[in-house]
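1. Got a predicted structure here, sequence first:
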Amino acid sequence: MSGPAWLDYNKLAVGPKSSSLWKRSVRDAFSRAVAHVSVTNVIDILLVAIVIYQFLMLVRGTRAAPMLVAWRSCAWILHRARGELTTLSWLSAL
């Protein structure tokens, strides 16, 4: 049984050799992803996370919480309907 040309079955071996290969590939992928991250990006992400967290703590335990769940459900349905359900897409565009 042969697989696709891009799949090397020798790299899928189980054992300590494959573990170090996996760790090395994860480390390489992580270092490539982090190379494009700047301090401004990190600060931006932290500020947005803090604002969202504070908003959720403000709403938690109030009557607004179920309304937010309903709003999020409607937003999810409209997002999923985009392009598939013609009438619902038309209504959400109004």
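-> Received it, and whenever you're ready, just let me know what you need. Numbers count the residues shown, from 1 in each chain.
2. only C-alpha atoms for contact and neighbour calcs from this point on.
-> Fine.
3. all helices of the chain, in order?
-> 16-34, 39-59, 64-81, 86-93 (DSSP state H).
4. and the gap between residue 79 and residue 73?
-> 10 Å (Cα to Cα, to the nearest Å).
5. Confidence-wise, which helix or strand of this protein is lowest on average?
-> When the helices and strands of the chain are scored by mean pLDDT, DSSP states H and E, helix 86-93 comes last with a mean of 71.
6. show me what contacts the residue nearest the centre of the chain?
-> With distances taken as Cα atoms, centre = their mean, residue 45 lies nearest the centre of the chain, 13.7 Å away. Taking Cα atoms under 8 Å, 6 or more residues apart in numbering, we find residue 45 in contact with no residue.
7. Mind pulling up the pLDDT for it?
-> pLDDT, residue 45: 90.
8. gap between it and residue 20?
-> Residue 45 is 32 Å from residue 20, where distance means Cα to Cα.
9. Ok, residue 51 next?
-> For residue 51, the distance to residue 20 - Cα to Cα - is 40 Å.
10. and residue 82, how many neighbours?
-> Residue neighbour count, defined by other Cα atoms under 10 Å, stands at 15 for residue 82.
11. that older thread, how far does the least confident helix or strand of the chain sit from its chain's centre?
-> 26 Å (Cα atoms, centre = their mean, to the nearest Å).
12. For it, list the C-alpha coordinates in CSV.
-> Below are the C-alpha coordinates for helix 86-93, written out as CSV (Å, rounded to 0.1, in the frame of the first residue of the first chain):
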residue,chain,number,x,y,z
THR,A,86,-31.0,33.1,0.2
THR,A,87,-34.0,34.7,2.1
LEU,A,88,-32.2,34.8,5.4
SER,A,89,-29.2,36.4,3.7
TRP,A,90,-31.4,38.9,2.1
LEU,A,91,-33.1,39.8,5.4
SER,A,92,-29.8,40.2,7.2
ALA,A,93,-28.6,42.6,4.5
